[in-house]
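*Asks:* Attaching a predicted model along with its sequence, questions to come.
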Amino acid sequence: MKTNVALAIVLSFLLNVTSAQTVQTCLTESFSGQTAGWTYSQGAHVGNYTNPTAACAEDRGIITPGVGGNNPCNIQTPEFISTGATMVGLTFDIIVLNANLKCDTWKNYACETSIDVFYYVAGIRYTGIIDQPLPPNGPGNPTSVSLSFNPGNNLQLGTAYKIEMCFKPKSGVGNCIQQNTKYVFDNFRNCETSSRAITPNERSASNGHTQQNTPMNVTSAQTVQTCLTEGFSGQTAGWTYSQGAHVGNYPNP
């Protein structure tokens, strides 16, 4: 095991990132500390709740107002700086509770609920996702939601942007009044996937945090993950190996 770990460390330093790499950079927000830059519908706020998925332990997240009507809540992120994303993946937890936020009131949506996702670049709104149904909530169901969208050429390297998530009854449901209900939005994660040549200063630092892509106006702690992959399917440079080893073709079973 020690030999394998050492080999992995050596290989990570031998990787020449001038060849095309698929890079995934992830930013996370757990709302457990001071959080800045998020905006939401009137009445929503970052606050405490008892988490039914963690033995009713105290937790923190964005809590919507006592939702009702056809627009439960809109949530907008702080500003991110794009790594040249060709795909944007979002994950978050959403927990549906009674208005008193008691742990034992965890329940499903009153009607089929969906999400729209928009992103803003220089004040221009672009559509990422429209009317994506959310999975059932409540005991026995997962709280995690995973979404992805292709931004086309709108998020070039260095582009500043924000993401807005709009929760609402799914189109066609009709009038769905969700009385005595609040949503808790927690554990947000924004992962950008890009395919490009990257520079050495974009590699992860020794503390596991990247040296790039720090969101602007976010003072709370962020976790950043940068991943490099090599499929050896094209021209590959920078790898070294024992005498006689080489990059070559093989029939993949």
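*Replies:* Great, that's in hand.
*Asks:* next one: phi and psi at residue 52?
*Replies:* Torsion angles at residue 52 (phi, psi; degrees, to the nearest 10) stand at phi -70, psi -10.
*Asks:* how far away is it from residue 132?
*Replies:* From residue 52 across to residue 132, the span is 24 Å (Cβ to Cβ, to the nearest Å). All C-beta atoms are positioned from the backbone trio N, CA, C, and that covers glycine.
*Asks:* Same question for residue 79.
*Replies:* Counting by Cβ to Cβ, the gap from residue 79 to residue 132 is 23 Å.
*Asks:* before we move on, the earlier item: who's more crowded, residue 52 and residue 132?
*Replies:* Comparing residue 52 with residue 132 by other Cβ atoms under 10 Å, the one with more neighbours is residue 52, at 21 against 14.
*Asks:* and the more buried one, what is it in contact with?
*Replies:* Residue 52 makes contact with 95, 97, 103, 104, 106, 139, according to Cβ atoms under 8 Å, 6 or more residues apart in numbering.
*Asks:* mind showing which ranges of this protein have poor pLDDT?
*Replies:* By pLDDT under 70, the weakly predicted segments of the chain are 1-20, 67-72, 196-231, 233-235, 237, 241, 253.
*Asks:* Strands of that one, start to end?
*Replies:* For the chain, the strands defined by DSSP state E occupy 21-29, 39-40, 45-51, 57-63, 73-76, 80-81, 87-97, 113-121, 124-133, 144-149, 160-169, 182-196, 223-229.
*Asks:* For the ones you listed, give me JSON lines that also has distance to residue 246.
*Replies:* As requested, those are arranged in JSON lines below (distance: least, Cβ to Cβ, whole Å):
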{"stretch": "strand 21-29", "distance to residue 246": "21"}
{"stretch": "strand 39-40", "distance to residue 246": "54"}
{"stretch": "strand 45-51", "distance to residue 246": "53"}
{"stretch": "strand 57-63", "distance to residue 246": "52"}
{"stretch": "strand 73-76", "distance to residue 246": "51"}
{"stretch": "strand 80-81", "distance to residue 246": "39"}
{"stretch": "strand 87-97", "distance to residue 246": "32"}
{"stretch": "strand 113-121", "distance to residue 246": "44"}
{"stretch": "strand 124-133", "distance to residue 246": "43"}
{"stretch": "strand 144-149", "distance to residue 246": "37"}
{"stretch": "strand 160-169", "distance to residue 246": "43"}
{"stretch": "strand 182-196", "distance to residue 246": "25"}
{"stretch": "strand 223-229", "distance to residue 246": "20"}
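*Asks:* Relative to residue 242, which of those strands is closest?
*Replies:* strand 223-229 (22.2 Å; Cβ to Cβ).
*Asks:* Out of the contacts of residue 52, the closest to residue 168 would be?
*Replies:* Here the nearest of the contacts of residue 52 to residue 168, counting by Cβ to Cβ, is residue 95; it sits at 17.4 Å.
*Asks:* And the nearest residue to residue 59 once chain neighbours are set aside, how close does it get to residue 96?
*Replies:* Distances taken as Cβ to Cβ, 6 or more residues apart in numbering put residue 51 closest to residue 59, at 4.0 Å, once the chain neighbours are dropped. Distance, residue 51 to residue 96, using Cβ to Cβ: 13 Å.
*Asks:* When those two are compared, which one has more neighbours?
*Replies:* residue 96 (25 against 21).
*Asks:* mind listing what the residue nearest to residue 144 when sequence neighbours are not counted touches?
*Replies:* Nearest non-adjacent residue to residue 144, counting by Cβ to Cβ, 6+ apart: residue 93, 5.7 Å away. Neighbour list for residue 93: 53, 61, 143, 144, 145, 184, 185, 186, 187 [criterion: Cβ under 8 Å, 6+ apart].
*Asks:* What residues does the residue lying closest to residue 148 once chain neighbours are set aside make contact with?
*Replies:* Leaving aside its chain neighbours, residue 148 sits nearest to residue 89 (4.4 Å; criterion: Cβ to Cβ, 6+ apart). Applying Cβ under 8 Å, 6+ apart, we find residue 89 in contact with 146, 147, 148, 189, 190, 191, 192, 193.
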